[in-house]
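> Sequence below, structure please.
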Amino acid sequence: MFKTLESKWSALCGVCLAGAVAVGLAMPAWARDVKPTVPTQTVVTVVSNTHNGATAPTVSSADVIVKDGGKPATVLDWHPMPSQATTQLVVLIDDALRTGSSVNFSDLGAFIEQLPPSVQVAVGYMQYGRAVIASGFASGKILAAKSIRVPTGIAGVNASPYFCISDLAKHWPDGGHPSAVRQVLMITDGIDRYFEAPQYDPEDPYVGTAIADAQKNRVMISTIYFRDIGLVDRGIRGSFVGNDYLIQVAEATGGKDFYEGMGNPVTFVPMLKEFKQRLASTYLLTYAAQGSGLHFVKISTKVHDVRLDAPDHIVVGQKIPMGAAPTTAVAELTK
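Next up, the predicted model:
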């Protein structure tokens, strides 16, 4: 009996020893499999959650939390966007809007003309699935404001707002400034007439494609809800469904959805004021990512009553080499 137990114990020890050797041999290989970190940059808007329009308090790098694929990622650099950094803003108007929307266009034109010199503006219209540019960035703000016209008001002329977003993201006006912050202010009802769902569906493939195209081309999209001329817009369901899609696009790309209930906004002025404040509240974040491709990323802060708006998917290794003054270490990493 004792010999039997002794033999079993010897066999068990042998197995454990073999396992330990195997683990020991495997460790160097495991260490070599650890993916290197890749400095990745994105634009983040710092927003005050208070309802009095107050400017958001200062957020330091120590207050920023980044999770890449659910795992904590190291913040390498965080600073306000420098005043000389270029922002390219496309005001994209749905050409199927009700003609009554034009009562707000004088305010929209004034907003464009009063933007700071660092902001370049282009104006485009949603037509048959394309973003047709009426005035490019090189034309200047005055011509951009003058290019705003009464929409055609033809039902369905936009095809789908989400086709237009994809087209704009892939064919940014004037070739695009390589280091500019890319912003879109889109005025539309948000209804996707090419995806026949009885209610809001977060899996709408055209909305999903538009979001991915915007994220891959680092385009941040903010939206103002305004009804189109079509029959779908006359019902409560159409209003809710369209705006739900606009919320989805804005949140996924780091923008803001402006919505005043089921009806059209009486005036764009408070929305434009808030949007202008957002343009002035952007930061450049650099963090250590792993892997490649489009990653799910969550960016938040420890600061009370402050929200960080940023894309929820970011391309690993993305660079925004604007005239900021990053730390020496980050400058070396992002060369």
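> Okay, helices next: where are they in this structure?
2-33, 105-113, 141-146, 161-170, 205-216, 236-253, 269-279, 328-333 (DSSP state H).
> Could you tell me the least trusted of these?
Of all the helices of the chain, helix 328-333 carries the lowest average pLDDT, namely a mean of 40.
> now residue 117: how far from residue 175?
Separation of residue 117 from residue 175 (Cβ to Cβ, to the nearest Å) stands at 20 Å. Any C-beta I mention is one placed from the backbone N, CA and C, and that applies to glycine too.
> Tell me which strands the lengthiest strand in the chain pairs with, and in which orientation.
Looking across the chain with DSSP state E, the single longest strand is strand 37-48. Sheet pairing of strand 37-48 (DSSP bridges) gives strand 282-290 (antiparallel), strand 306-309 (antiparallel).
> Can you get me a residue count around residue 179?
Residue 179: 13 surrounding residues under other Cβ atoms under 10 Å.
> no no, residue 204
Residues near residue 204, counting by other Cβ under 10 Å, number 21.
> Provide a list of residues in contact with it.
162, 192, 195, 197, 245 (Cβ atoms under 8 Å, 6 or more residues apart in numbering).
> what's near enough to touch the last one?
When contacts are counted by Cβ under 8 Å, 6+ apart, residue 245 touches 161, 162, 190, 191, 192, 200, 204, 207.
> how does it look with 7 Å?
The contact partners of residue 245, by Cβ atoms under 7 Å, 6 or more residues apart in numbering, come to 190, 192, 200, 204, 207.
> and if you look at the second one?
Taking Cβ under 7 Å, 6+ apart as the criterion, residue 192 is in contact with 160, 162, 204, 206, 207, 245.
> who are the neighbours in contact with the second one?
By that I understand residue 162. Counting by Cβ under 7 Å, 6+ apart, residue 162 touches 192, 206, 207, 210.
> Tell me how far it lies from residue 176.
20 Å.
> Any chance of the contacts of residue 204 in a markdown table with distance to residue 60 as columns?
Formatted as a markdown table, the contacts of residue 204 follow (distance: Cβ to Cβ, whole Å):
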| residue | distance to residue 60 |
| --- | --- |
| 162 | 37 |
| 192 | 41 |
| 195 | 43 |
| 197 | 44 |
| 245 | 35 |
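> And the furthest pair within those?
Greatest spatial distance in the contacts of residue 204: 162 and 197, 13.2 Å, computed using Cβ to Cβ.
> quick revisit: who wins for most neighbours among the contacts of residue 162?
Ranked by neighbour count (other Cβ under 10 Å), those have residue 210 at the top, with 29 neighbours.
> Wait, that one touches residue 166, no?
Yes. Assessed by Cβ atoms under 7 Å, residue 210 is found in contact with residue 166 at 5.0 Å.
> residues touching the residue nearest to the spatial centre of the chain, list them.
Centroid check for the chain by Cα atoms, centre = their mean gives residue 253 as the closest residue, at 1.7 Å. Residue 253 makes contact with 211, 214, 215, 219, 220, 221, 311, according to Cβ under 7 Å, 6+ apart.
> is it true that residue 223 touches residue 186?
Yes. With contacts counted by Cβ under 7 Å, residue 223 reaches residue 186, the gap being 4.8 Å.
> re the thing from before, among the strands paired with strand 37-48, which is nearest residue 101?
By Cβ to Cβ (comparing all of the strands paired with strand 37-48), the closest turns out to be strand 306-309, at 25.7 Å.
> want to throw the contacts of residue 245 into TSV with distance to residue 85?
TSV is the format used below for the contacts of residue 245 (distance: Cβ to Cβ, whole Å):
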residue	distance to residue 85
190	30
192	34
200	36
204	34
207	30
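> Just the closest of these to residue 124, please.
Using Cβ to Cβ, the contacts of residue 245 come closest to residue 124 at residue 190, 16.7 Å.
> Who are the contact partners of the closest one?
161, 223, 225, 242, 243, 245, 246.
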